[in-house]
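> What follows is a predicted structure for the sequence shown.
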Amino acid sequence: MHWTDHAIVLGARHFGEGKLVAEVFSREHGRFGGVVHGGRRAAPSLQAGNLVHATWKARLSDQLGFFYPLELAEPHATRLLDDPAALAGLSSAVSLIRGVAPERQAYPQLYDALMVLIEAMPHRDIWPALYARFELGLLAALGYGLDLSRCAVTGENEGLAWVSPRTGRAATAEAGAPHADVLLRLPPFLVDAEAELKSGDVADAFALAGYFLERRLFDHKGEGMPEARRRLIERLGFAGRL
């Protein structure tokens, strides 16, 4: 059994004498793990977020298998070393994929969304909003997408401002006003790509996505949200970028 594909590194750990086990996320094969020989030499390529060209091989399909060759294609992590917030964003995105994407199941749209996010991270003013969209895309890819297309009460698709924490459906400002104390804010940029991004919108988007990520994915696994996501929000808050 074998496959060859470009893949995003999710992480690596030591495995015996001079070996590593790497975990990657490829477009056509999903989240895969495998042994990498020559661990010390390979380690620089296996920084989370890097793009690699990987060939995975195993005698049987259900074995751990190994990567050979595994070659660095784009050193995305290295390019972000001077931007701690972007590194935190990269770590958080990778941690979410690692935490909830089932092994060996392809999610091509999610892979594409992650690549768009990673490639945007050198652009300081752009990527936090893209990151919030990525989290909603992760929910949708795993079958827990929110319905932000129209108001659940009136059917209108203009003026959407709230999301029900129970149903994940949107509501207009007027329809949701009587229940504002229990609804989640819906920042305009999540439903209109041309909407002006205002102070607090990214924070609202993080709160919205985080609510459903925690309850629909991580709680089901009996786990809490990744610590990397908390660190990301903390860094963006300190930098005044929420």
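Good, I have the coordinates. Numbering: from 1, shown residues only.

> Assign the residue sitting furthest away from the middle of the chain to helix, strand or coil.
Residue farthest from the centre of the chain, counting by CA atoms, centre = their mean, is Pro178 at 33.4 Å. Here Pro178 is recorded as helix under DSSP: H, G, I helix; E, B strand; the rest coil.

> again, but for Tyr68
strand.

> wait, isn't Leu139 in contact with Gly145?
Yes: in this structure, Leu139 is within contact of Gly145 by CB atoms under 8 Å, at 5.6 Å. Using the backbone N, CA and C atoms, a C-beta is placed for each residue, glycine as well.

> and the longest helix along the chain, how far from the chain's centre?
In the chain, with assignment by DSSP state H, the single longest helix is helix 84-100. The chain centroid and the centroid of helix 84-100 are separated by 6 Å under CA atoms, centre = their mean, to the nearest Å.

> list the buried ones in the next helix or strand after that helix?
Next along the chain after helix 84-100, taking DSSP states H and E as the criterion, comes helix 108-120. Residues 110-111, 113-115, 117-118, 120 are the ones in helix 108-120 that count as buried (16 or more other CB atoms under 10 Å).

> Which pLDDT value belongs to Arg230?
pLDDT for Arg230: 96.

> just Leu139 next, same as before
97.

> Please apply the same query to Phe25.
In this model, Phe25 carries a pLDDT of 98.

> same thing with Ser45?
Ser45 is given a pLDDT of 88.

> got it, and the one 5 residues further on?
With respect to pLDDT, Asn50 has a value of 96.

> what about the longest helix of the chain, average pLDDT?
Here the average pLDDT along helix 84-100 is 96.

> Show me what counts as buried in that helix.
85-100.

> Can you pull up the most central residue in the protein?
Short answer for the chain (CA atoms, centre = their mean): Ala93, at 3.5 Å.

> care to break the protein down by domain?
Per automatic domain parsing, the domain ranges recorded for the chain read 2-77, 80-238.

> Quote the end-to-end distance of the last one.
This stretch, domain 80-238, spans 18 Å end to end (CA to CA, to the nearest Å).

> cool, the shortest one as well?
Start and end residues of domain 2-77 are separated by 27 Å (CA to CA).

> Going forward, count from 17.
Taking 17 as the first residue, the last one we looked at is domain 18-93.

> so where's this protein uncertain?
Scanning the chain for pLDDT under 70 picks out 55.

> Can you check which strand is longest in it?
strand 18-30 (DSSP state E).

> Which secondary structure elements does that one sit against?
strand 35-42, strand 46-53, helix 55-58, strand 67-73, helix 100-116, helix 124-136 (3 or more CB pairs under 8 Å, 6 or more residues apart in numbering; DSSP states H and E).

> Now for the nearest residue to Leu103 once chain neighbours are set aside: which residues touch it?
Nearest residue to Leu103 in three dimensions, chain neighbours excluded: Leu96, at 4.9 Å (CB to CB, 6 or more residues apart in numbering). Residues in contact with Leu96 (CB atoms under 8 Å, 6 or more residues apart in numbering) are 65, 102-103, 106, 137-138.

> Save these as CSV, and put in distance to Val198 too.
Shown next, in CSV, are the contacts of Leu96 (distance: CB to CB, whole Å):
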residue, distance to Val198
Gly65, 37
Ala102, 34
Leu103, 36
Leu106, 34
Met137, 35
Pro138, 39
